[in-house]
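Trainee: Sequence first, then the predicted structure, then my questions.
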Amino acid sequence: MAEKVIAGEKRVFMTGNEVVAWAALAAGAEIMYGYPITPQNEIMHYWTRLAPKYNRKFLQTEDELSAGFTTVGGVMAGKRAFTATAGPGNTLMQEPISMAEAMRLPFVAMIIQRGGPSTGTVIYSQQEVMMTVLGGNGEGLRIVYSTANHQELFDYSIKAFDTAWKYRFPTFVLADGYQGKMREPLTIYDPDDRGIKISDTEPYVGRPGTPGVDRPPGHYRNTYNVEEELYEVLQDHIKDFESIADEVSEYESMASDDAELLVVAHGVVARAAKQATEALRQQGLKVGYFRPITLRPLPSTPLREAVNRAGRMLVVESAYGQLGRLLKEALYGATAEFIPYYKPGVGFTPEEIMARCRELIT
Amino acid sequence: MSKPVKIVIAGEGGQGVQAVAEILAEAGYEEGREALYIPNFGVEQRGGVSVAFLQIGDEPIGSPKFAKADIVVALSERAVGRTFQYVGPETVFVYDTLAAPDEKDMPPEVKQVLPIPGVETAKKELHPRVFNVLIMGAVIKATGVVNLENAKKALEKRLGHKFAQNPKLRDLNHRALERGMELVGEVMQGG
(Lines give C-alpha, C1' and ligand atoms only; values in the text may rest on other atoms or scores of the structure.)
Protein backbone atom coordinates (compact mmCIF):
# COMPACT_ATOMS: atom_id res chain seq x y z
CA MET A 1 0.00 0.00 0.00
CA ALA A 2 1.13 3.52 -0.69
CA GLU A 3 2.16 5.76 2.19
CA LYS A 4 -0.18 8.51 3.35
CA VAL A 5 -0.09 11.51 1.07
CA ILE A 6 -2.36 13.81 3.06
CA ALA A 7 -2.22 13.82 6.86
CA GLY A 8 -5.59 14.74 8.34
CA GLU A 9 -8.19 16.98 6.74
CA LYS A 10 -6.62 19.93 5.03
CA ARG A 11 -8.32 23.09 3.77
CA VAL A 12 -6.61 24.27 0.58
CA PHE A 13 -7.02 26.86 -2.16
CA MET A 14 -5.90 25.59 -5.55
CA THR A 15 -6.68 25.15 -9.23
CA GLY A 16 -8.82 22.23 -10.39
CA ASN A 17 -5.93 20.67 -12.26
CA GLU A 18 -3.89 20.66 -9.05
CA VAL A 19 -6.88 19.14 -7.23
CA VAL A 20 -6.96 16.24 -9.71
CA ALA A 21 -3.25 15.53 -9.21
CA TRP A 22 -3.67 15.46 -5.43
CA ALA A 23 -6.76 13.26 -5.70
CA ALA A 24 -4.93 10.74 -7.88
CA LEU A 25 -2.08 10.66 -5.36
CA ALA A 26 -4.49 10.26 -2.46
CA ALA A 27 -6.30 7.45 -4.31
CA GLY A 28 -3.03 5.58 -4.62
CA ALA A 29 -2.63 5.98 -8.38
CA GLU A 30 0.72 4.47 -9.27
CA ILE A 31 1.32 5.88 -12.71
CA MET A 32 0.02 8.55 -15.05
CA TYR A 33 0.45 8.36 -18.80
CA GLY A 34 -0.11 11.55 -20.70
CA TYR A 35 0.48 14.00 -23.46
CA PRO A 36 0.20 17.76 -22.87
CA ILE A 37 -2.87 19.66 -24.01
CA THR A 38 -4.52 22.80 -22.66
CA PRO A 39 -6.48 23.14 -20.40
CA GLN A 40 -5.35 19.98 -18.58
CA ASN A 41 -1.56 20.52 -18.78
CA GLU A 42 -1.24 21.33 -15.12
CA ILE A 43 -2.55 17.91 -14.09
CA MET A 44 0.61 16.53 -15.65
CA HIS A 45 2.75 19.31 -14.30
CA TYR A 46 1.62 18.84 -10.71
CA TRP A 47 1.73 15.07 -11.03
CA THR A 48 5.30 15.11 -12.30
CA ARG A 49 6.28 17.43 -9.46
CA LEU A 50 4.52 15.39 -6.76
CA ALA A 51 4.83 11.81 -8.03
CA PRO A 52 8.56 11.25 -7.38
CA LYS A 53 8.12 12.26 -3.72
CA TYR A 54 5.68 9.41 -3.24
CA ASN A 55 7.39 6.88 -5.47
CA ARG A 56 4.79 7.17 -8.23
CA LYS A 57 5.58 7.20 -11.92
CA PHE A 58 4.90 9.18 -15.04
CA LEU A 59 5.34 8.46 -18.72
CA GLN A 60 5.00 11.12 -21.36
CA THR A 61 4.05 9.55 -24.65
CA GLU A 62 4.24 10.87 -28.20
CA ASP A 63 0.51 11.56 -28.50
CA GLU A 64 -2.86 10.76 -26.95
CA LEU A 65 -3.30 7.52 -28.89
CA SER A 66 -0.21 6.27 -27.20
CA ALA A 67 -1.13 7.77 -23.82
CA GLY A 68 -4.39 5.82 -24.03
CA PHE A 69 -2.77 2.54 -25.04
CA THR A 70 -0.05 2.81 -22.41
CA THR A 71 -2.78 3.40 -19.81
CA VAL A 72 -4.38 0.18 -21.10
CA GLY A 73 -1.02 -1.54 -20.65
CA GLY A 74 -0.55 -0.18 -17.15
CA VAL A 75 -4.00 -1.39 -16.15
CA MET A 76 -3.34 -4.86 -17.60
CA ALA A 77 -0.17 -5.02 -15.54
CA GLY A 78 -2.36 -4.44 -12.49
CA LYS A 79 -1.40 -0.83 -11.86
CA ARG A 80 -3.77 1.84 -10.66
CA ALA A 81 -3.11 3.90 -13.78
CA PHE A 82 -4.74 6.97 -15.26
CA THR A 83 -4.48 9.59 -17.95
CA ALA A 84 -5.91 13.05 -18.59
CA THR A 85 -6.74 14.86 -21.79
CA ALA A 86 -8.99 17.37 -23.53
CA GLY A 87 -10.52 18.31 -26.88
CA PRO A 88 -8.69 16.84 -29.86
CA GLY A 89 -6.71 14.69 -27.40
CA ASN A 90 -9.96 13.12 -26.27
CA THR A 91 -10.78 12.46 -29.95
CA LEU A 92 -7.50 10.59 -30.48
CA MET A 93 -7.94 8.69 -27.25
CA GLN A 94 -11.26 7.17 -28.30
CA GLU A 95 -9.54 4.23 -29.97
CA PRO A 96 -7.69 3.02 -26.86
CA ILE A 97 -10.77 3.80 -24.78
CA SER A 98 -12.86 1.59 -27.08
CA MET A 99 -10.31 -1.17 -26.58
CA ALA A 100 -10.51 -0.71 -22.81
CA GLU A 101 -14.29 -0.91 -23.10
CA ALA A 102 -14.07 -4.10 -25.20
CA MET A 103 -11.75 -5.75 -22.68
CA ARG A 104 -13.59 -4.44 -19.59
CA LEU A 105 -10.50 -2.62 -18.37
CA PRO A 106 -10.62 -0.18 -15.43
CA PHE A 107 -9.25 2.65 -17.52
CA VAL A 108 -9.44 5.99 -15.66
CA ALA A 109 -9.28 9.34 -17.48
CA MET A 110 -9.86 12.93 -16.46
CA ILE A 111 -11.36 14.96 -19.30
CA ILE A 112 -11.00 18.75 -19.03
CA GLN A 113 -13.27 19.92 -21.86
CA ARG A 114 -12.37 22.76 -24.23
CA GLY A 115 -14.22 24.24 -27.19
CA GLY A 116 -14.48 22.42 -30.51
CA PRO A 117 -14.64 21.17 -33.20
CA SER A 118 -10.95 20.40 -33.75
CA THR A 119 -8.52 22.77 -32.05
CA GLY A 120 -11.42 25.13 -31.30
CA THR A 121 -10.65 27.13 -28.19
CA VAL A 122 -8.33 26.06 -25.44
CA ILE A 123 -10.68 27.57 -22.90
CA TYR A 124 -13.95 25.93 -22.05
CA SER A 125 -16.99 24.02 -23.25
CA GLN A 126 -19.30 21.10 -22.52
CA GLN A 127 -18.90 19.79 -26.04
CA GLU A 128 -17.13 16.55 -25.15
CA VAL A 129 -20.16 14.97 -23.55
CA MET A 130 -21.19 12.72 -26.45
CA MET A 131 -17.59 11.75 -27.15
CA THR A 132 -16.83 10.85 -23.54
CA VAL A 133 -20.12 9.05 -23.01
CA LEU A 134 -20.57 7.27 -26.35
CA GLY A 135 -17.38 7.87 -28.38
CA GLY A 136 -15.45 5.20 -30.25
CA ASN A 137 -16.74 2.13 -32.04
CA GLY A 138 -18.67 0.55 -29.23
CA GLU A 139 -21.75 0.81 -27.08
CA GLY A 140 -20.62 3.41 -24.55
CA LEU A 141 -20.22 0.95 -21.69
CA ARG A 142 -18.56 3.60 -19.59
CA ILE A 143 -19.14 5.48 -16.37
CA VAL A 144 -18.91 9.27 -16.55
CA TYR A 145 -18.99 11.63 -13.57
CA SER A 146 -19.57 15.31 -14.36
CA THR A 147 -18.24 17.50 -11.52
CA ALA A 148 -19.33 21.04 -10.64
CA ASN A 149 -16.82 22.25 -8.07
CA HIS A 150 -13.37 21.56 -6.68
CA GLN A 151 -14.62 19.49 -3.77
CA GLU A 152 -16.38 17.19 -6.20
CA LEU A 153 -13.38 17.16 -8.48
CA PHE A 154 -11.37 15.77 -5.56
CA ASP A 155 -14.07 13.38 -4.31
CA TYR A 156 -14.98 11.95 -7.71
CA SER A 157 -11.41 11.68 -8.95
CA ILE A 158 -10.80 9.39 -5.97
CA LYS A 159 -14.07 7.59 -6.53
CA ALA A 160 -13.31 7.00 -10.22
CA PHE A 161 -10.47 4.64 -9.30
CA ASP A 162 -12.79 2.62 -7.07
CA THR A 163 -15.66 2.54 -9.56
CA ALA A 164 -13.40 1.48 -12.44
CA TRP A 165 -11.82 -1.43 -10.59
CA LYS A 166 -15.03 -2.48 -8.89
CA TYR A 167 -17.14 -2.74 -12.05
CA ARG A 168 -14.38 -3.03 -14.66
CA PHE A 169 -15.71 -0.39 -17.02
CA PRO A 170 -13.70 2.64 -18.23
CA THR A 171 -14.47 5.50 -15.85
CA PHE A 172 -14.20 9.22 -16.50
CA VAL A 173 -14.21 12.43 -14.54
CA LEU A 174 -15.61 15.04 -16.93
CA ALA A 175 -14.70 18.61 -16.04
CA ASP A 176 -13.86 21.65 -18.18
CA GLY A 177 -11.36 24.45 -18.67
CA TYR A 178 -13.04 26.67 -16.09
CA GLN A 179 -12.79 23.97 -13.46
CA GLY A 180 -9.22 23.13 -14.46
CA LYS A 181 -7.97 26.70 -14.31
CA MET A 182 -9.94 28.35 -11.55
CA ARG A 183 -8.95 28.50 -7.89
CA GLU A 184 -11.37 27.89 -5.06
CA PRO A 185 -11.23 26.36 -1.58
CA LEU A 186 -11.83 22.69 -0.81
CA THR A 187 -10.91 20.10 1.79
CA ILE A 188 -8.46 17.40 0.80
CA TYR A 189 -8.06 14.21 2.81
CA ASP A 190 -6.77 10.69 2.77
CA PRO A 191 -9.69 8.47 1.67
CA ASP A 192 -8.68 5.83 4.19
CA ASP A 193 -9.15 8.32 7.07
CA ARG A 194 -12.77 8.78 6.01
CA GLY A 195 -13.34 5.05 5.71
CA ILE A 196 -13.43 5.27 1.91
CA LYS A 197 -12.14 2.00 0.51
CA ILE A 198 -10.76 1.88 -2.99
CA SER A 199 -11.06 -1.47 -4.77
CA ASP A 200 -7.83 -3.42 -4.99
CA THR A 201 -6.10 -3.78 -8.30
CA GLU A 202 -4.84 -7.03 -9.80
CA PRO A 203 -2.83 -7.89 -12.87
CA TYR A 204 -4.67 -9.19 -15.92
CA VAL A 205 -1.53 -10.75 -17.37
CA GLY A 206 1.50 -12.52 -15.95
CA ARG A 207 -0.38 -14.04 -13.03
CA PRO A 208 1.10 -17.09 -11.33
CA GLY A 209 -0.04 -20.62 -12.06
CA THR A 210 -0.94 -22.52 -15.19
CA PRO A 211 -4.01 -21.15 -17.01
CA GLY A 212 -6.81 -23.71 -17.08
CA VAL A 213 -5.12 -25.79 -14.38
CA ASP A 214 -4.38 -23.55 -11.38
CA ARG A 215 -6.65 -20.71 -12.40
CA PRO A 216 -9.15 -19.82 -15.11
CA PRO A 217 -7.42 -18.61 -18.26
CA GLY A 218 -7.36 -14.86 -18.85
CA HIS A 219 -9.33 -14.15 -21.97
CA TYR A 220 -9.02 -10.47 -22.84
CA ARG A 221 -10.07 -9.97 -26.41
CA ASN A 222 -10.89 -7.16 -28.71
CA THR A 223 -10.83 -9.29 -31.85
CA TYR A 224 -13.45 -11.84 -32.87
CA ASN A 225 -13.71 -14.15 -35.85
CA VAL A 226 -17.47 -14.49 -36.09
CA GLU A 227 -20.35 -12.13 -35.49
CA GLU A 228 -22.08 -14.42 -33.03
CA GLU A 229 -19.02 -14.64 -30.83
CA LEU A 230 -18.82 -10.86 -30.44
CA TYR A 231 -22.58 -10.72 -29.92
CA GLU A 232 -22.42 -13.27 -27.13
CA VAL A 233 -19.65 -11.46 -25.28
CA LEU A 234 -21.38 -8.10 -25.63
CA GLN A 235 -24.62 -9.53 -24.24
CA ASP A 236 -22.83 -10.18 -20.96
CA HIS A 237 -21.16 -6.79 -20.91
CA ILE A 238 -24.41 -4.96 -21.63
CA LYS A 239 -26.24 -7.00 -19.01
CA ASP A 240 -23.56 -6.16 -16.45
CA PHE A 241 -23.68 -2.50 -17.35
CA GLU A 242 -27.45 -2.31 -17.09
CA SER A 243 -27.47 -4.16 -13.80
CA ILE A 244 -25.21 -1.60 -12.11
CA ALA A 245 -26.98 1.49 -13.50
CA ASP A 246 -29.12 2.20 -10.43
CA GLU A 247 -26.26 1.60 -8.05
CA VAL A 248 -23.79 3.78 -9.95
CA SER A 249 -25.97 6.66 -11.10
CA GLU A 250 -26.01 9.85 -9.01
CA TYR A 251 -27.82 13.16 -9.13
CA GLU A 252 -28.51 16.33 -7.20
CA SER A 253 -31.87 18.07 -7.11
CA MET A 254 -33.40 21.04 -5.35
CA ALA A 255 -36.90 22.45 -5.03
CA SER A 256 -38.20 19.97 -7.59
CA ASP A 257 -41.25 18.74 -5.63
CA ASP A 258 -43.64 21.55 -6.53
CA ALA A 259 -41.69 23.06 -9.42
CA GLU A 260 -43.54 24.18 -12.53
CA LEU A 261 -40.31 24.57 -14.46
CA LEU A 262 -37.31 22.31 -13.95
CA VAL A 263 -33.86 23.63 -14.85
CA VAL A 264 -31.60 20.75 -15.91
CA ALA A 265 -27.85 21.27 -16.24
CA HIS A 266 -24.63 19.40 -15.53
CA GLY A 267 -21.05 20.26 -14.55
CA VAL A 268 -19.98 23.83 -13.97
CA VAL A 269 -23.16 25.17 -15.65
CA ALA A 270 -25.15 23.57 -12.83
CA ARG A 271 -23.61 26.13 -10.46
CA ALA A 272 -25.25 28.96 -12.37
CA ALA A 273 -28.48 26.94 -12.70
CA LYS A 274 -28.59 26.31 -8.96
CA GLN A 275 -27.92 29.96 -8.13
CA ALA A 276 -30.65 31.03 -10.53
CA THR A 277 -33.10 28.55 -9.02
CA GLU A 278 -32.36 29.73 -5.48
CA ALA A 279 -32.80 33.38 -6.44
CA LEU A 280 -36.06 32.72 -8.32
CA ARG A 281 -37.44 30.68 -5.43
CA GLN A 282 -36.78 33.61 -3.11
CA GLN A 283 -38.88 35.68 -5.44
CA GLY A 284 -41.67 33.13 -5.15
CA LEU A 285 -41.34 31.54 -8.59
CA LYS A 286 -41.83 27.78 -8.70
CA VAL A 287 -38.60 26.78 -10.36
CA GLY A 288 -36.74 23.55 -9.57
CA TYR A 289 -33.28 22.22 -10.30
CA PHE A 290 -32.04 18.82 -11.40
CA ARG A 291 -28.46 17.89 -12.13
CA PRO A 292 -27.28 14.47 -13.27
CA ILE A 293 -23.87 13.81 -11.69
CA THR A 294 -23.39 10.66 -13.74
CA LEU A 295 -23.98 11.34 -17.44
CA ARG A 296 -23.51 7.63 -18.07
CA PRO A 297 -25.44 5.87 -16.74
CA LEU A 298 -27.99 8.66 -16.31
CA PRO A 299 -30.15 8.68 -13.16
CA SER A 300 -33.16 7.93 -15.37
CA THR A 301 -35.80 7.15 -12.77
CA PRO A 302 -35.41 10.23 -10.55
CA LEU A 303 -34.97 12.37 -13.67
CA ARG A 304 -38.21 11.08 -15.17
CA GLU A 305 -40.07 11.62 -11.90
CA ALA A 306 -38.85 15.19 -11.50
CA VAL A 307 -39.57 16.08 -15.14
CA ASN A 308 -43.04 14.55 -15.08
CA ARG A 309 -43.90 16.44 -11.90
CA ALA A 310 -42.81 19.78 -13.33
CA GLY A 311 -44.26 19.29 -16.81
CA ARG A 312 -41.68 21.65 -18.35
CA MET A 313 -37.92 21.54 -18.44
CA LEU A 314 -35.26 24.05 -19.41
CA VAL A 315 -32.07 22.28 -20.50
CA VAL A 316 -29.04 24.52 -20.09
CA GLU A 317 -25.65 23.55 -21.46
CA SER A 318 -22.48 24.94 -23.06
CA ALA A 319 -23.00 22.69 -26.08
CA TYR A 320 -25.60 22.40 -28.82
CA GLY A 321 -27.77 19.76 -27.23
CA GLN A 322 -25.36 17.03 -26.15
CA LEU A 323 -26.83 16.65 -22.68
CA GLY A 324 -30.12 17.38 -24.42
CA ARG A 325 -29.85 14.25 -26.60
CA LEU A 326 -29.01 12.05 -23.63
CA LEU A 327 -31.97 13.42 -21.70
CA LYS A 328 -34.36 12.88 -24.60
CA GLU A 329 -33.35 9.25 -24.81
CA ALA A 330 -33.79 8.77 -21.07
CA LEU A 331 -37.13 10.56 -21.13
CA TYR A 332 -38.58 8.93 -24.26
CA GLY A 333 -42.35 8.84 -24.00
CA ALA A 334 -42.59 11.56 -21.36
CA THR A 335 -44.88 14.43 -22.28
CA ALA A 336 -43.06 17.28 -20.51
CA GLU A 337 -42.22 20.30 -22.64
CA PHE A 338 -38.52 20.29 -23.55
CA ILE A 339 -37.06 23.81 -23.82
CA PRO A 340 -33.42 24.05 -24.90
CA TYR A 341 -31.03 26.81 -23.84
CA TYR A 342 -27.82 25.97 -25.69
CA LYS A 343 -24.66 28.07 -25.94
CA PRO A 344 -21.95 25.87 -27.49
CA GLY A 345 -18.53 26.67 -26.08
CA VAL A 346 -19.66 29.56 -23.87
CA GLY A 347 -20.31 29.72 -20.13
CA PHE A 348 -23.53 30.74 -18.40
CA THR A 349 -24.16 33.35 -15.75
CA PRO A 350 -26.97 32.89 -13.22
CA GLU A 351 -28.51 36.15 -14.47
CA GLU A 352 -29.02 34.75 -17.99
CA ILE A 353 -30.70 31.61 -16.68
CA MET A 354 -32.90 33.67 -14.36
CA ALA A 355 -33.99 35.89 -17.23
CA ARG A 356 -34.88 32.90 -19.42
CA CYS A 357 -36.83 31.25 -16.58
CA ARG A 358 -38.77 34.46 -15.93
CA GLU A 359 -39.72 34.71 -19.60
CA LEU A 360 -41.03 31.17 -19.48
CA ILE A 361 -42.89 31.28 -16.21
CA THR A 362 -44.56 34.69 -16.17
CA MET B 1 -27.82 36.08 1.97
CA SER B 2 -24.81 38.26 1.31
CA LYS B 3 -23.61 38.37 -2.26
CA PRO B 4 -19.93 38.04 -3.09
CA VAL B 5 -17.99 41.07 -4.32
CA LYS B 6 -17.32 40.59 -8.04
CA ILE B 7 -14.12 42.05 -9.41
CA VAL B 8 -12.69 42.28 -12.93
CA ILE B 9 -9.10 43.42 -13.41
CA ALA B 10 -7.80 43.88 -16.94
CA GLY B 11 -4.56 45.11 -18.42
CA GLU B 12 -1.87 44.42 -20.95
CA GLY B 13 0.09 41.18 -20.68
CA GLY B 14 2.97 41.89 -18.30
CA GLN B 15 1.12 44.43 -16.16
CA GLY B 16 0.64 41.70 -13.60
CA VAL B 17 -3.15 41.65 -13.36
CA GLN B 18 -3.31 37.87 -12.90
CA ALA B 19 -0.80 38.00 -10.06
CA VAL B 20 -2.81 40.73 -8.31
CA ALA B 21 -6.05 38.78 -8.62
CA GLU B 22 -4.39 35.62 -7.40
CA ILE B 23 -2.84 37.32 -4.37
CA LEU B 24 -6.15 38.99 -3.52
CA ALA B 25 -7.97 35.67 -3.81
CA GLU B 26 -5.34 34.10 -1.58
CA ALA B 27 -5.74 36.94 0.94
CA GLY B 28 -9.52 36.45 0.97
CA TYR B 29 -9.10 32.73 1.47
CA GLU B 30 -6.61 33.29 4.30
CA GLU B 31 -9.19 35.49 6.00
CA GLY B 32 -11.44 32.47 6.10
CA ARG B 33 -13.72 33.79 3.38
CA GLU B 34 -14.86 32.13 0.19
CA ALA B 35 -12.96 33.10 -2.94
CA LEU B 36 -12.93 32.11 -6.58
CA TYR B 37 -10.38 33.32 -9.10
CA ILE B 38 -10.25 32.48 -12.80
CA PRO B 39 -8.01 34.00 -15.46
CA ASN B 40 -9.00 34.35 -19.06
CA PHE B 41 -6.61 32.47 -21.29
CA GLY B 42 -6.33 31.77 -24.96
CA VAL B 43 -3.92 30.47 -27.55
CA GLU B 44 -1.72 33.56 -27.40
CA GLN B 45 1.53 33.29 -25.47
CA ARG B 46 1.93 37.03 -25.13
CA GLY B 47 0.17 40.18 -26.23
CA GLY B 48 -3.53 40.80 -25.94
CA VAL B 49 -5.54 41.99 -22.99
CA SER B 50 -5.31 39.88 -19.87
CA VAL B 51 -8.48 39.69 -17.79
CA ALA B 52 -8.86 38.28 -14.28
CA PHE B 53 -12.23 37.42 -12.69
CA LEU B 54 -12.36 37.36 -8.93
CA GLN B 55 -15.15 36.84 -6.42
CA ILE B 56 -14.79 37.06 -2.65
CA GLY B 57 -17.70 36.48 -0.29
CA ASP B 58 -18.94 34.73 2.82
CA GLU B 59 -20.73 31.81 1.20
CA PRO B 60 -19.51 29.32 -1.41
CA ILE B 61 -19.23 31.08 -4.76
CA GLY B 62 -21.53 29.98 -7.58
CA SER B 63 -20.76 30.38 -11.24
CA PRO B 64 -17.11 31.36 -11.98
CA LYS B 65 -18.15 33.99 -14.52
CA PHE B 66 -20.67 36.76 -14.04
CA ALA B 67 -22.59 39.33 -16.07
CA LYS B 68 -21.74 42.57 -14.25
CA ALA B 69 -18.96 43.29 -11.78
CA ASP B 70 -19.07 45.40 -8.62
CA ILE B 71 -15.73 46.85 -9.59
CA VAL B 72 -13.90 46.87 -12.91
CA VAL B 73 -10.27 47.95 -13.02
CA ALA B 74 -8.94 48.73 -16.51
CA LEU B 75 -5.25 49.45 -16.75
CA SER B 76 -4.80 50.14 -20.45
CA GLU B 77 -6.80 51.70 -23.23
CA ARG B 78 -7.56 48.36 -24.80
CA ALA B 79 -8.53 46.99 -21.41
CA VAL B 80 -11.15 49.74 -21.08
CA GLY B 81 -12.93 48.54 -24.24
CA ARG B 82 -12.49 44.89 -23.37
CA THR B 83 -14.19 45.25 -19.98
CA PHE B 84 -17.24 47.35 -20.96
CA GLN B 85 -19.44 44.27 -20.99
CA TYR B 86 -18.88 43.83 -17.24
CA VAL B 87 -19.79 47.42 -16.37
CA GLY B 88 -23.37 48.15 -15.31
CA PRO B 89 -25.30 50.71 -13.26
CA GLU B 90 -23.97 49.18 -10.02
CA THR B 91 -20.33 49.04 -11.09
CA VAL B 92 -17.46 51.16 -9.82
CA PHE B 93 -15.19 51.70 -12.81
CA VAL B 94 -11.53 52.34 -12.05
CA TYR B 95 -9.12 53.19 -14.84
CA ASP B 96 -5.56 54.38 -15.08
CA THR B 97 -5.32 58.01 -16.18
CA LEU B 98 -2.77 57.00 -18.82
CA ALA B 99 -5.49 54.87 -20.40
CA ALA B 100 -7.98 57.75 -20.26
CA PRO B 101 -10.74 56.92 -22.70
CA ASP B 102 -12.62 59.66 -24.56
CA GLU B 103 -15.86 60.72 -22.92
CA LYS B 104 -17.78 59.03 -25.74
CA ASP B 105 -15.94 55.76 -25.07
CA MET B 106 -16.87 55.65 -21.41
CA PRO B 107 -19.41 53.11 -20.22
CA PRO B 108 -22.83 54.82 -20.44
CA GLU B 109 -24.20 53.52 -17.18
CA VAL B 110 -21.92 53.28 -14.20
CA LYS B 111 -22.19 53.82 -10.47
CA GLN B 112 -18.94 55.71 -10.07
CA VAL B 113 -15.85 56.41 -12.14
CA LEU B 114 -12.49 56.55 -10.38
CA PRO B 115 -9.53 57.64 -12.49
CA ILE B 116 -6.19 56.99 -10.74
CA PRO B 117 -2.65 57.84 -11.88
CA GLY B 118 -1.33 54.36 -11.12
CA VAL B 119 1.31 53.92 -13.81
CA GLU B 120 2.68 57.42 -13.25
CA THR B 121 2.77 57.14 -9.46
CA ALA B 122 4.50 53.78 -9.56
CA LYS B 123 7.07 55.12 -12.00
CA LYS B 124 7.79 58.42 -10.24
CA GLU B 125 7.45 57.56 -6.57
CA LEU B 126 8.10 53.84 -6.34
CA HIS B 127 9.25 51.48 -9.08
CA PRO B 128 7.39 50.40 -12.25
CA ARG B 129 7.60 46.80 -11.09
CA VAL B 130 5.32 47.39 -8.10
CA PHE B 131 2.62 48.92 -10.27
CA ASN B 132 0.41 45.85 -9.85
CA VAL B 133 0.79 45.90 -6.07
CA LEU B 134 -0.30 49.53 -6.12
CA ILE B 135 -3.37 48.42 -8.10
CA MET B 136 -3.97 45.73 -5.52
CA GLY B 137 -4.08 48.49 -2.88
CA ALA B 138 -6.54 50.42 -5.04
CA VAL B 139 -8.85 47.40 -5.31
CA ILE B 140 -8.71 46.82 -1.56
CA LYS B 141 -9.62 50.42 -0.84
CA ALA B 142 -12.45 50.46 -3.36
CA THR B 143 -14.01 47.15 -2.28
CA GLY B 144 -12.89 46.36 1.26
CA VAL B 145 -12.72 42.69 0.28
CA VAL B 146 -9.71 42.06 2.49
CA ASN B 147 -7.95 44.07 5.16
CA LEU B 148 -4.48 45.53 4.80
CA GLU B 149 -2.86 43.11 7.24
CA ASN B 150 -4.09 40.05 5.35
CA ALA B 151 -3.09 41.61 2.06
CA LYS B 152 0.43 42.00 3.44
CA LYS B 153 0.40 38.41 4.64
CA ALA B 154 -0.63 37.23 1.19
CA LEU B 155 2.17 39.29 -0.34
CA GLU B 156 4.59 37.74 2.10
CA LYS B 157 3.46 34.25 1.13
CA ARG B 158 3.94 35.03 -2.52
CA LEU B 159 7.09 37.15 -2.43
CA GLY B 160 8.60 36.23 0.94
CA HIS B 161 11.58 34.50 -0.67
CA LYS B 162 12.44 37.68 -2.56
CA PHE B 163 11.90 39.86 0.50
CA ALA B 164 14.31 37.62 2.45
CA GLN B 165 17.04 38.32 -0.09
CA ASN B 166 16.33 42.02 -0.19
CA PRO B 167 14.30 43.43 2.74
CA LYS B 168 13.99 46.80 0.93
CA LEU B 169 11.62 45.09 -1.49
CA ARG B 170 9.20 44.35 1.33
CA ASP B 171 9.10 48.03 2.22
CA LEU B 172 8.67 49.02 -1.42
CA ASN B 173 5.75 46.62 -1.87
CA HIS B 174 4.07 47.78 1.32
CA ARG B 175 4.41 51.39 0.26
CA ALA B 176 2.93 50.53 -3.16
CA LEU B 177 -0.02 48.84 -1.46
CA GLU B 178 -0.65 51.83 0.79
CA ARG B 179 -0.13 54.34 -2.02
CA GLY B 180 -2.74 52.51 -4.14
CA MET B 181 -5.20 52.77 -1.27
CA GLU B 182 -4.49 56.48 -0.91
CA LEU B 183 -5.00 57.16 -4.63
CA VAL B 184 -8.45 55.61 -4.54
CA GLY B 185 -9.20 57.28 -1.21
CA GLU B 186 -8.46 60.68 -2.76
CA VAL B 187 -10.69 60.24 -5.82
CA MET B 188 -13.48 58.65 -3.79
CA GLN B 189 -13.62 61.74 -1.60
CA GLY B 190 -13.29 64.05 -4.57
CA GLY B 191 -16.04 62.23 -6.51
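Mentor: Yep, that arrived.
Trainee: Spatially nearest residue to A:Gly347 (excluding sequence neighbours)?
Mentor: B:Lys65 (4.9 Å; C-beta to C-beta, 6 or more residues apart in numbering or on different chains). The way it works is simple: take the backbone N, C-alpha and C, and place the C-beta from them, glycine included.
Trainee: show me the contacts for the one you found.
Mentor: B:Lys65 makes contacts with A:178, A:347, A:349, B:38, B:53, as judged by C-beta atoms under 8 Å, 6 or more residues apart in numbering or on different chains.
Trainee: so the third one makes contact with B:Phe66?
Mentor: Yes: between A:Thr349 and B:Phe66 there is a contact at 5.4 Å, judged by C-beta atoms under 8 Å.
Trainee: Mind checking which of those two has more residues around it?
Mentor: Set A:Thr349 next to B:Phe66 and count neighbours by other C-beta atoms under 10 Å in any protein chain shown: B:Phe66 wins out with 22 against 18.
Trainee: State the pLDDT value of the more buried one.
Mentor: B:Phe66 carries a pLDDT value of 91.
Trainee: swap in the one 10 residues further on?
Mentor: Looking at B:Ser76, its pLDDT stands at 91.
Trainee: for A:Arg80, same thing?
Mentor: 98.
Trainee: Next, count neighbours for it.
Mentor: 23.
Trainee: Pull the contacting residues for it.
Mentor: A:27-31, A:108, A:161, A:165, A:198, A:201.
Trainee: In JSON lines, list the residues you listed along with neighbour count and secondary structure.
Mentor: Converted to JSON lines, the contacts of A:Arg80 look like this (neighbours: other C-beta atoms under 10 Å in any protein chain shown; DSSP: H, G, I helix; E, B strand; the rest coil):
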{"residue": "A:Ala27", "neighbour count": "23", "secondary structure": "coil"}
{"residue": "A:Gly28", "neighbour count": "21", "secondary structure": "coil"}
{"residue": "A:Ala29", "neighbour count": "27", "secondary structure": "coil"}
{"residue": "A:Glu30", "neighbour count": "19", "secondary structure": "coil"}
{"residue": "A:Ile31", "neighbour count": "22", "secondary structure": "strand"}
{"residue": "A:Val108", "neighbour count": "29", "secondary structure": "strand"}
{"residue": "A:Phe161", "neighbour count": "25", "secondary structure": "helix"}
{"residue": "A:Trp165", "neighbour count": "19", "secondary structure": "helix"}
{"residue": "A:Ile198", "neighbour count": "21", "secondary structure": "coil"}
{"residue": "A:Thr201", "neighbour count": "19", "secondary structure": "coil"}
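Trainee: just those residues that are near chain B?
Mentor: Subset of the contacts of A:Arg80 in contact with chain B: empty, counting by C-beta under 8 Å from any C-beta of the partner chain.
Trainee: As a check, name the ranges of all strands in the stretch 51-200 of chain A.
Mentor: Taking DSSP state E, counting those that start in this stretch to define them, one finds strands in the stretch 51-200 of chain A at A:57-60, A:81-85, A:108-113, A:143-146, A:171-176, A:183-188.
Trainee: Residues touching the last one, excluding its own?
Mentor: Outside of strand A:183-188, the residues within contact range by C-beta under 8 Å, 6+ apart are A:6, A:9-15, A:19, A:22-23, A:26, A:149-151, A:153-154, B:22, B:25, B:29, B:34-38, B:61.
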